[in-house]
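Enquirer: Here is a sequence with its predicted model. Questions after.
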2 protein chains.
Amino acid sequence: MVTVHDVAARSGVSIATVSRTIRAPHRVTESTRDRVLEAIRELGYRPNRAAAGLRGGRTGTIALVVPDIDNPYFSSLTKGAQASSRARGYGLVVVDTTELAQVELDEIEAVAPQIDGLILVSSRLDEAALAEVAAEHRCVLVNRTLEGQDETTPTVTVDEGAAARAAVEHLAELGHRQVAYVGGPARSWSQTRRLRGIRDAAAVIDGFAVTDLGAFEPTAQGGRAAAQAALDSGATAVIAYNDLAAMGLLARWAELGVRVPDDVSLVGFDNTYVAELSAPHLTSVGADLREVGETAVELLMERIDGAAAATPAHGVHRELGAQLWVRGSTGAPRA
Amino acid sequence: MVTVHDVAARSGVSIATVSRTIRAPHRVTESTRDRVLEAIRELGYRPNRAAAGLRGGRTGTIALVVPDIDNPYFSSLTKGAQASSRARGYGLVVVDTTELAQVELDEIEAVAPQIDGLILVSSRLDEAALAEVAAEHRCVLVNRTLEGQDETTPTVTVDEGAAARAAVEHLAELGHRQVAYVGGPARSWSQTRRLRGIRDAAAVIDGFAVTDLGAFEPTAQGGRAAAQAALDSGATAVIAYNDLAAMGLLARWAELGVRVPDDVSLVGFDNTYVAELSAPHLTSVGADLREVGETAVELLMERIDGAAAATPAHGVHRELGAQLWVRGSTGAPRA
DNA sequence: ATGAAAGCGCTAACAA
DNA sequence: TTGTTAGCGCTTTCAT
């Protein structure tokens, strides 16, 4: 292992100068700097981030904590974060909590000392635990806000209201008036906002009725389970809590001989890549997931770099716009 | 931040005893141990893994390096690794290399000092670079072997030959004799093995012919691009390089009015979760991906714990069996 | 069985 | 501008 000492010896300077050459190049004469840089290259020196963090408080690494990496929503978001942090010279470590609050807490505490900050995506922690984590670590929240007086934790959310509205208006324009909603986990943060968004959007359209089919698993299985009920509801179009559930509806309907969009239209949420796997492709509403990841990193960087500097006392909250991605699963209702 | 000093003060012992209580409990009297353990609980002390690694060489963390986390193959494998490492008390950090060899190399060198070992999945490094990484770091290879004299690096592979054979035999039993293969990236390690496996299996079946359609992107788009050619080949069944490509074939065929499995049967590779997203569900061959991840962690653990101990001079190579997952996309050929 | 002390690789005062 | 030095939190001899 090559250390600062090796580089120092090789270039005939002290270890402090080596460190400075990396962290504050302007504080070193050009000639020495060149010499040190060359030694670094020759020796293949790489600073030990753990050691740097131990002493200086900066590790050059951030962590992204997700509930389930094996879910296209989170993996796409992760891609965005990865690209963004890399572009800024930061390392990114991904942690999967398997949807468990306790695991989430454990892992956060375990990695915390080794990183400069963390991004919590769709945290499964309860308010109290989340507030404590947010208070003790430099972090950014995604898809979740801290209720109450917290104005200090940067947050990235997607405008679920706009997404829901886009779905409803799209269907209304196509001529639909009877729509069924296949919901996700009842207590979920997104579910609440999505259902309300749909209701609000529907309310301002003449003669537009929405039937809430209740809570289903946010998976293809959940979608399959809802397929018959959706049909029975008499709706000409269905909105699903997420793309995975929509895929389940699509598959089950195909087995039942129901054609999409001829017999019924379908819209998913999140615009994950699975929306382009089906036949027909799935119309979906949502933000650009990679952009969500990028934005979270951006906010965290501001928090880190401008630590003492221009950090506003109030937190930064970014609500990302949602778009409608029209694909083959939506069309005019049967005459 | 709670440190060993806080715990030591609280329990009236030295920091050395605190450390021992954690790393070598049997070297501490039961009464003192209890006292220390209680202080740890009360204070909520968590050892700083980075610091531990700096001094002792053990960080309690391992890294999993994948080319693209936004690919169901890797994300499922990651789940397995995550569960397994957690069960063993190790932290797991996931690194996404965006398919780039240079990024892979950079990230490996950056995290290396902070971890006890790493798992390289489907490494994009060339032989020379990979050999060097394997020599300098404690690592396990997945889906890749080091050619030549290396007998020292543990490796996990999937029996692609068995997978290919399972696909071919399944189709043969159904009555198919004309099969087309939609290939993946020409130079890919898996592609080579899969094609050969299919050829070998076909060779021993009377009158069984395989048409190689050539290289396509290992994505839904790639599958779509191959759809027409697959039909034109006159095959009654198609095997795709992976599930994603198979999904593309399925979708394009649906648009073309081709029915699966009535008009043509389809088999994918890898058995990722997307195989259960389509209508009909996709028959696929492959190993249990989570098991692949678990096995890799297991091998790495053996390498770490038994460092000096019973480590055989020759490496450990585990080839995981592949299974056939029969779903709706395969059936008898049209009479 | 326990404590004192050295030092892992690095950064940040402080001196020079 | 550069070097010296004191630790960051921890593990690990070496004493006791």
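Expert: Yes, it's here.
Enquirer: just the strands in the stretch 151-300 of chain A please.
Expert: In the stretch 151-300 of chain A, the strands defined using DSSP state E, counting those that start in this stretch lie at A:155-158, A:178-183, A:209-215, A:237-240, A:265-269, A:283-286.
Enquirer: Distance of A:Pro25 relative to DNA strand D?
Expert: To DNA strand D, A:Pro25 is 10 Å away according to Cβ to the nearest atom of the strand, to the nearest Å. In short, each C-beta sits where N, CA and C put it, glycine included.
Enquirer: Tell me how far that residue lies from A:Val36.
Expert: Computed as Cβ to Cβ, to the nearest Å, the A:Pro25 to A:Val36 distance reads 9 Å.
Enquirer: Can you name the residue of the stretch 151-300 of chain A nearest to DNA strand D?
Expert: Nearest residue of the stretch 151-300 of chain A to DNA strand D: A:Leu300, at 22.0 Å (Cβ to the nearest atom of the strand).
Enquirer: check contacts around that residue.
Expert: The neighbours of A:Leu300, taking Cβ atoms under 8 Å, 6 or more residues apart in numbering or on different chains as the test, are A:Ile62, A:Gly117, A:Leu118, A:Ile119, A:Arg138, A:Cys139, A:Val140, A:Pro154.
Enquirer: which one of those sits closest to DNA strand D?
Expert: Nearest to DNA strand D among the contacts of A:Leu300: A:Arg138, at 15.8 Å, using Cβ to the nearest atom of the strand.
Enquirer: burial count for A:Arg58?
Expert: Using other Cβ atoms under 10 Å in any protein chain shown, A:Arg58 is surrounded by 14 other residues.
Enquirer: isn't it right next to A:Ile115, touching?
Expert: No. Assessed by Cβ atoms under 8 Å, A:Arg58 is found out of contact with A:Ile115, at 9.8 Å.
Enquirer: Find the closest residue to DNA strand C in chain A.
Expert: Nearest residue of chain A to DNA strand C (Cβ to the nearest atom of the strand) works out as A:Gly56 at 2.8 Å.
Enquirer: Look at that residue and report its pLDDT.
Expert: As predicted, A:Gly56 sits at a pLDDT of 86.
Enquirer: Tabulate the strands of the stretch 151-300 of chain A (CSV), appending mean pLDDT.
Expert: Shown next, in CSV, are these (pLDDT from 0 to 100):
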stretch, mean pLDDT
strand A:155-158, 96
strand A:178-183, 98
strand A:209-215, 97
strand A:237-240, 98
strand A:265-269, 98
strand A:283-286, 98
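Enquirer: Which of these sits closest to B:Ala220?
Expert: strand A:283-286 (15.0 Å; Cβ to Cβ).
Enquirer: what's that closest one packed up against?
Expert: helix A:160-174, strand A:265-269, strand A:323-325 (3 or more Cβ pairs under 8 Å, 6 or more residues apart in numbering or on different chains; DSSP states H and E).
Enquirer: mind listing what the shortest one pairs with, with the direction of each?
Expert: By that I understand strand A:323-325. Using DSSP bridges, the strands paired with strand A:323-325 are strand A:283-286 (antiparallel).
Enquirer: ok, now which ones touch A:Ala163?
Expert: Contact partners of A:Ala163, counting by Cβ under 8 Å, 6+ apart, are A:Arg194, A:Gly197, A:Phe269, A:Val285, A:Gly286, A:Ala287, A:Ala322.
Enquirer: which of these lies closest to B:Ser329?
Expert: Using Cβ to Cβ, the shortest approach to B:Ser329 within the contacts of A:Ala163 belongs to A:Phe269, at 27.1 Å.
Enquirer: ranking the strands of the stretch 151-300 of chain A by burial, who's on top?
Expert: Mean neighbours per residue, mean count of other Cβ atoms under 10 Å in any protein chain shown, is largest over these for strand A:237-240, with a mean of 31.
Enquirer: where along the stretch 101-250 of chain A do the helices fall?
Expert: For the stretch 101-250 of chain A, the helices defined by DSSP state H, counting those that start in this stretch cover A:101-111, A:127-136, A:160-174, A:189-203, A:220-232, A:243-256.
Enquirer: Can you give the distance of the last one from its chain's centre?
Expert: On the basis of Cα atoms, centre = their mean, to the nearest Å, the separation between the geometric centre of helix A:243-256 and that of its chain is 25 Å.
Enquirer: Count the neighbours of A:Gly328 for me.
Expert: 17.
Enquirer: got it, and A:Ser329?
Expert: When neighbours are counted by other Cβ under 10 Å, A:Ser329 comes out with 25.
Enquirer: Return the residues of the stretch 1-150 of chain A in contact with DNA strand C.
Expert: Within the stretch 1-150 of chain A, the residues that sit near DNA strand C (Cβ under 7 Å from any atom of the strand) are A:1, A:3-5, A:15-16, A:18-19, A:22-23, A:45-48, A:51-52, A:54-58.
Enquirer: ok, and which of those reach chain B?
Expert: Contacts with chain B within these, counted by Cβ under 8 Å from any Cβ of the partner chain: A:Met1, A:Arg46, A:Asn48, A:Ala51, A:Leu54.
Enquirer: ok, now which ones touch the first one?
Expert: This means A:Met1. By Cβ under 8 Å, 6+ apart, the contact list for A:Met1 reads A:Asn48, B:Pro113.
Enquirer: 10 Å instead, please
Expert: Counting by Cβ atoms under 10 Å, 6 or more residues apart in numbering or on different chains, A:Met1 touches A:Tyr45, A:Arg46, A:Asn48, B:Ala112, B:Pro113, B:Glu136.
Enquirer: Grab the nearest non-local neighbour of the last one.
Expert: Spatial nearest neighbour of B:Glu136, chain neighbours left out: B:Ala112 (8.0 Å); criterion: Cβ to Cβ, 6 or more residues apart in numbering or on different chains.
Enquirer: Low-confidence bits of the stretch 51-200 of chain A, can you list those?
Expert: A:149 (pLDDT under 70).
Enquirer: Now do A:Ala335, the pLDDT please.
Expert: pLDDT, A:Ala335: 73.
Enquirer: Look up which helix or strand it falls in, please.
Expert: Following DSSP states H and E, one finds A:Ala335 outside all helices and strands.
Enquirer: repeat for A:Ser84
Expert: Secondary structure (DSSP H and E) places A:Ser84 in helix A:72-87.
Enquirer: now the residue nearest the centre of chain A: how far from B:Thr3?
Expert: Note on chain A: the residue nearest the mean C-alpha position is A:Leu77, at 4.4 Å, using Cα atoms, centre = their mean. As judged by Cβ to Cβ, A:Leu77 and B:Thr3 stand 34 Å apart.
Enquirer: what does A:Pro280 give?
Expert: Distance of A:Pro280 to B:Thr3, given as Cβ to Cβ: 59 Å.
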